[in-house]
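> Show me the folded form of this:
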Amino acid sequence: MNPIVKSTMQLGVIYMICFGLFNLQPAAAEGNIDGTFKYACSENCGWVNFSPTNGGVTVHNTHLSGYAWAANIGWIKLGYGPGPYKNNAADNWGVNRDRGTNALSGFAWSENAGWINFNPTNSKVTIDPRTGKFDGYAWGENLGWIHFKSPVGLYGVVTTNTLPVPTLNPWGMTGLMLLLGIFAVRLMRRGRKNAIRTI
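Residues are numbered from 1 along each chain as shown. Have a look, this model is predicted:
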């Protein structure tokens, strides 16, 4: 077998072993809102709870569903029909999530306050894919702005549906160091061979 092909195959096997030893943190259960960080704030309707006792908002990869609760206006429904939502019919509306841009769009509905736009002209609501933190403002004609993150940390909404973060366990670190060592030895050997040829 050609030495170059053999070396490439060996390094490929070592690489696959090392890669296999990477840990991907398991994604948390989809849709859970953190029990502590569950409040958005509206100047006109007060606190909006995204994880109330008898409801709760589910954050999926492509959309939101479920119910939030505001004491002054009642239940806010995040979607109707299967998501993601087209927002084009009485039985197909709701809040969508774009994993590419991290932005939310579409409409939630309150029986007492009407439509709530998650991507209004002068703002938008986003979810940080790494931390799960909501940010930005939604808008309702009858209730004004709903803010999802306090600038000083007094309130906020956080989902546990985040992207997994790759981490290297001790075995993976050992394998990576071994792989780097093999590369270094091979480079030194090639350097010696090249030096001998030039003499």
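> Flag the shaky bits of the chain, pLDDT-wise.
Along the chain, segments meeting pLDDT under 70 span 1-31, 164-173, 175-176, 183, 187, 191-199.
> List the residues that contact the spatially most central residue of it.
When C-alpha atoms, centre = their mean is applied to the chain, the residue found nearest the centroid is P129 (2.5 Å). P129 makes contact with 99, 102, 162-163, according to C-beta atoms under 8 Å, 6 or more residues apart in numbering. Using the backbone N, CA and C atoms, a C-beta is placed for each residue, glycine as well.
> Quick one: list the elements packing against the lengthiest strand in the chain.
When the chain is parsed with DSSP state E, its longest strand is strand 33-42. Helices and strands touching strand 33-42, by 3 or more C-beta pairs under 8 Å, 6 or more residues apart in numbering; DSSP states H and E, are strand 46-49, strand 56-59, strand 134-140, strand 144-147, strand 156-159.
> ok now that strand, how far from the chain's centre?
Strand 33-42 sits 17 Å away from the centroid of its parent chain (C-alpha atoms, centre = their mean, to the nearest Å).
> Next: stretch 130-146.
Worked out by C-alpha atoms, centre = their mean, stretch 130-146 lies 17 Å from the chain centre.
> ok, residues contacting that stretch?
By C-beta under 8 Å, 6+ apart, stretch 130-146 touches 34, 37, 40-45, 48, 59, 73, 108, 110, 113-118, 120, 122-128, 147-149, 156-163, 165.
> Only the buried residues of stretch 150-158, if you could.
Within stretch 150-158, the residues that qualify as buried are 155-158, counting by 16 or more other C-beta atoms under 10 Å.
> okay, now the domains of the chain?
For the chain, automatic domain parsing gives the domain ranges 15-25+167-198, 33-159.
> which of those sits most buried?
Each of the domains of the chain was scored by mean neighbour count; the highest is domain 33-159, a mean of 18, by mean count of other C-beta atoms under 10 Å.
> next one: that one to chain centre, how far?
Worked out by C-alpha atoms, centre = their mean, domain 33-159 lies 15 Å from the chain centre.
> you'd agree G181 is in a helix?
Yes - using DSSP: H, G, I helix; E, B strand; the rest coil, the assignment for G181 is a helix.
> ok, so what distance separates it from M188?
Distance of G181 to M188, computed by C-beta to C-beta, to the nearest Å: 11 Å.
> cool, and G56?
60 Å.
> ok, now E43?
E43 is 68 Å from M188, by C-beta to C-beta.
> Also A70?
Shown here: A70 relative to M188, a distance of 68 Å by C-beta to C-beta.
> and if you look at G74?
For G74, the distance to M188 equals 72 Å [C-beta to C-beta].
> where exactly do the helices run in this structure?
3-20, 170-198 (DSSP state H).
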